[in-house]
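K.L.:
show me the folded form of this:
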Amino acid sequence: GCESLTSVIIPDNVTFIGYRAFYGCDRLTSITIPDSVTSIGEEAFYNCKSLTSIAIPDSVTSSIGDLTFQYCDSLTSVTIGDGVTSIGDYAFTDCESLASVTIGDSVTSIGDYAFSNCDLTSIAIPDSVTSIGDRAFYGFKSCTSIFVAPGNPVYHSGGNCLIETESKTLIVGCKNSVIPDDGSVTSIGSSAFESCTGLTSIIIPDSVTSIGSSAFDGCKSLTSITIPDSVTSIGSLAFVNCDSLTSITIPGSVTYIEDGVFYSCNSLTSV
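P.N.:
Reported below is the predicted structural model:
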């Protein structure tokens with residue numbers, strides 16, 4: 001809460017940045033984390049609204065804790081060193097200007113909501129990541145590219161979609177997504193395209209059997225979508241707040257529709 005603090009020099013003998021160390025330092029614009037630092041505590045830079053960039057050195061060998069950089073509104077780029085093993089829940093949530101992030105090759109898990117409501121232009125997942133939490137990536141307006149490094153044992157990418165390989169679930173999409181029609185996707189997961197405001201149309205292939213809850217929630221530019229005969233269930237709030245959607249045809253194959261699927265679709269005239 002040091003509201004007038006604009007810069008900090010951390011000497012090379014510091015090994016630990018503690019819990020809430022710079023919490024709410026609204027005017028802190030820059031900080032250099034030296035290679036001596038091995039651990040950064042939870043909420044260490046929470047609500048540092050003026051911080052524009054951060055580089056986490058390879059020396060940091062623990063996780064980036066929960067809420068560490070949440071609400072850093074001016075943060076535009078982040079480099080996560082190769083020593084970091086996990087990214088905590090809400091670590092970068094609501095960093096609304098965050099356009100670029102480099103995830104180190106030792107990260108194995110990305111927590112719930114870790115990058116939600118960021119403005120990332122692309123997502124690159126290294127082959128080390130084997131766990132991605134609930135809504136870790138959602139709310140992207142500018143994202144046009146999603147890529148998973150070859151050799152990842154749990155996830156792969158296709159058509160600018162992030163897909164869980166074994167379950168064949170599409171877990172993250174973007175405005176440039178083309179859902180693969182090669183059988184690698186059988187389910188569109190919960191919140192897969194949530195708040196993807198740049199998405200105007202999408203073709204769901206015949207391999208898909210279910211559309212998860214909030215799958216297209218808040219896709220305000222989505223004007224058309226075709227649901228194939230293979231789909232049997234549509235989750236709650238799947239198309240809520242799709243303001244530009246004018247009509248939709250639900251095939252006879254659908255036997256289960258949960259609550260609020262088309263809530264606040266104000267332009268919808270026929271179903």
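K.L.:
sec struct for the residue nearest in space to the middle of the chain, please.
P.N.:
Nearest to the geometric centre of the chain sits F137, at 0.8 Å (C-alpha atoms, centre = their mean). Reducing the assignment to helix, strand or coil with DSSP: H, G, I helix; E, B strand; the rest coil, the entry for F137 is coil.
K.L.:
next, the nearest residue to it once chain neighbours are set aside: phi, psi?
P.N.:
Of all residues beyond its chain neighbours, the one nearest F137 is V172 (4.7 Å), with distances taken as C-beta to C-beta, 6 or more residues apart in numbering. Heads up, the C-betas are built off the backbone N, CA and C, glycines and all. V172 adopts backbone torsions of phi -150, psi 130, taken as degrees, to the nearest 10.
K.L.:
for V172, grab the count of nearby residues.
P.N.:
The burial count assigned to V172 is 28, neighbours taken as other C-beta atoms under 10 Å.
K.L.:
isn't it right up against C161?
P.N.:
Yes. In terms of C-beta atoms under 8 Å, V172 counts as a neighbour of C161; the distance is 7.0 Å.
K.L.:
roughly how far does Q70 sit from D229?
P.N.:
Taking C-beta to C-beta, to the nearest Å as the criterion, Q70 is separated from D229 by 43 Å.
K.L.:
who's more crowded, those two?
P.N.:
Counted by other C-beta under 10 Å, Q70 and D229 do not tie: Q70 has more neighbours, with 22 against 10.
K.L.:
tell me the contacts of the more buried one?
P.N.:
For Q70, the contact set (C-beta atoms under 8 Å, 6 or more residues apart in numbering) comprises E43, Y46, N47, Y90, A91, F92, T93, D94, C95.
K.L.:
now do the residue nearest to G252 when sequence neighbours are not counted against I250, distance only.
P.N.:
Taking C-beta to C-beta, 6+ apart, and ignoring the residues beside it in sequence, G252 has D229 as its nearest neighbour in space, at 7.5 Å. From D229 across to I250, the span is 10 Å (C-beta to C-beta).
K.L.:
quick one on the thing from earlier: separation between the residue nearest to G252 and G189?
P.N.:
Computed with C-beta to C-beta, the distance linking D229 and G189 is 21 Å.
K.L.:
ditto for L75
P.N.:
For L75, the distance to G189 equals 27 Å [C-beta to C-beta].
K.L.:
go on, D73?
P.N.:
If you measure D73 against G189 using C-beta to C-beta, the figure is 29 Å.
K.L.:
pull up the overlap in contacts between V172 and C161.
P.N.:
Contact criterion C-beta under 8 Å, 6+ apart; residues bridging V172 and C161 by contacting each: I146.
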